[in-house]
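Undergrad: Got a predicted structure plus its sequence, pasted below:
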Amino acid sequence: MTNPKSQQTALIHTDYEAPSGFAAFPTAIHHASTVLFKNVAALRSGEWREKNAYTYGLHGTPTTFTLEARLAEIEGGLHCLLAPSGLAAIAMVDFALLKSGDDVLLPDNVYNPNRELGRWLADFGVSARYYDPLIGAGIAALIQPNTKLVWTEAPGSVSMEVPDLPAICKAAHEKGALVALDNTWAAGLALRGFELGVDVVMQALTKYQSGGSDVLMGAVITRDRAVHDRISQAHMRLGMGVGADDTYLVLRGLPTMKLRFEAHDRGARKVAAWLKARPEITKVLHPALEDCPGHDIWKRDFSGAGGLFSVLFDERYTEAQTDRFVDELKLFGIGYSWGGANSLAVPYRIQAMRQDWQHGKGILVRFNIGLEDPDDLIADIEQALGKL
Ligand SMILES: *Cc1c(COP(=O)(O)O)cnc(C)c1O
């Protein structure tokens, strides 16, 4: 510019360019709705589906592309798309892979909002049916010609049954259905979904990936380009944008995720083993314990367990008593979600949630074991049990 800019314009335009060549470990945080093109020809040739260039903030920035590429690599997939929450990622999979007249199968222990979404799909002409999570190869009998998708969750994040993924995948693939796995519990670390045959892996990054109880985000990871392209269409059409700062927070969590996950796992196993010996508790639903339905499958398919498990109280305790137990805990917050440093406890009305519940009337309480000293958590549980 030859003429000096007016102050107002100078507030908006500058000729300054920072020197290139800056290098540091953190991924840069790129905020953008508008992405600039060099000229009109570049704008016209912009192809949002290809991740080798930029078209609009919604379709990706260096920050979101980096997180997607890193998650795909960690999970053993090739493609990844981010969504503003884990539930949004689930919805994106459904909208991408199901259409009017189709049928979807969901495990009866599925993450409850996924179950709700399944019910809502009826309004779009898609039937959702719920199967016994321990059905294994028996799922073949449920797969109809119009069944296009089978959801799995390993394990179910409240009641913890571990499904036989290779058997379910084999039956689904023989009948032309795709299998999606909610791999949130194992953080994409302790369970290798693609190696067991699943087509689509979904993760709630809200949990271990962020690790800070301060971000909502989800991811859908695939290996097959054609399946990825269908999900990519849904990603675009539904406008699944994620915030740059949130993306950065998830990236920041990755280097420590495995160490945190293993610490959650150690703490949870210690607390779970202690609870198993308590007379107030009839069952500890932790996949690494023999009590847990599907424990043998966990042993075969998983390399770890993380911090989330549930217990069933003896039927002699009323809901008022177990609510009091949860209220009396000092180190455990009362609240949903998990995967952060803070321990949490939540009672669930599991008998009302499930069509096939076989573990009696005892109250279920779910624990997220955080990163506190497990001995302090045990002492806290012990004092709260004393108030029952
Ligand atoms: C939390 C969670 C989700 C959803 O994640 P949000 O980011 O909270 O929407 C999905 N599946 C499982 C198993 C979860 O625990």
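TA: It's in.
Undergrad: my read is residue 171 is in a helix, agree?
TA: Yes - assessed with DSSP: H, G, I helix; E, B strand; the rest coil, residue 171 lies in a helix.
Undergrad: any idea how far it is from residue 197?
TA: Using C-beta to C-beta, to the nearest Å, residue 171 is found at 10 Å from residue 197. To be clear about C-beta, it is placed using only N, CA and C from the backbone, and glycine gets the same treatment.
Undergrad: Comparing the two, which shows the higher neighbour count?
TA: residue 171 (22 against 16; other C-beta atoms under 10 Å).
Undergrad: Next, count neighbours for the nearest residue to residue 177 once chain neighbours are set aside.
TA: Taking C-beta to C-beta, 6 or more residues apart in numbering as the measure, residue 177 lies nearest to residue 147, with 5.0 Å between them; neighbours along the chain are not counted. Residue 147: 20 surrounding residues under other C-beta under 10 Å.
Undergrad: what sits against residue 147?
TA: Residue 147 makes contacts with 102-105, 172, 175, 177, as judged by C-beta atoms under 8 Å, 6 or more residues apart in numbering.
Undergrad: Show me the beta-bridge partners of it.
TA: residue 103 (DSSP bridges).
Undergrad: Now do it, the pLDDT please.
TA: With respect to pLDDT, residue 147 has a value of 98.
Undergrad: if I look at it, how far off is residue 72?
TA: For residue 147, the distance to residue 72 (C-beta to C-beta) stands at 27 Å.
Undergrad: same deal with residue 281?
TA: To residue 72, residue 281 is 40 Å away according to C-beta to C-beta.
Undergrad: next one: residue 8
TA: Distance, residue 8 to residue 72, using C-beta to C-beta: 45 Å.
Undergrad: give the contact list for residue 166.
TA: Applying C-beta under 8 Å, 6+ apart to residue 166 gives the contacts 196-197, 301.
Undergrad: Now do the helices in the stretch 101-250 of the chain.
TA: With helices called from DSSP state H, counting those that start in this stretch, the stretch 101-250 of the chain shows them at 112-120, 165-174, 225-238, 244-276.
Undergrad: Run through the residues that contact the residue of the stretch 51-200 of the chain found nearest the ligand.
TA: With C-beta to the nearest ligand atom as the measure, residue 86 is the residue of the stretch 51-200 of the chain nearest to the ligand, at 2.2 Å. Shown in contact with residue 86 (C-beta under 8 Å, 6+ apart): 184, 202-207, 216-218.
Undergrad: these two touch, right, residue 263 and residue 371?
TA: Yes - between residue 263 and residue 371 there is a contact at 5.7 Å, judged by C-beta atoms under 8 Å.
Undergrad: so how many other residues sit close to residue 304?
TA: Neighbour count of residue 304, defined by other C-beta under 10 Å: 18.
Undergrad: Using the three-state scheme, assign it.
TA: Secondary structure, three-state DSSP: residue 304 is coil.
Undergrad: Write out the residues of the stretch 201-350 of the chain neighbouring the ligand.
TA: Residues of the stretch 201-350 of the chain lying close to the ligand (C-beta under 6 Å from any ligand atom) are 204, 206-207, 216, 218, 337.
Undergrad: Please repeat the previous calculation with a cut-off of 5 Å.
TA: Within the stretch 201-350 of the chain, the positions adjacent to the ligand are 204, 206, 216 by C-beta under 5 Å from any ligand atom.
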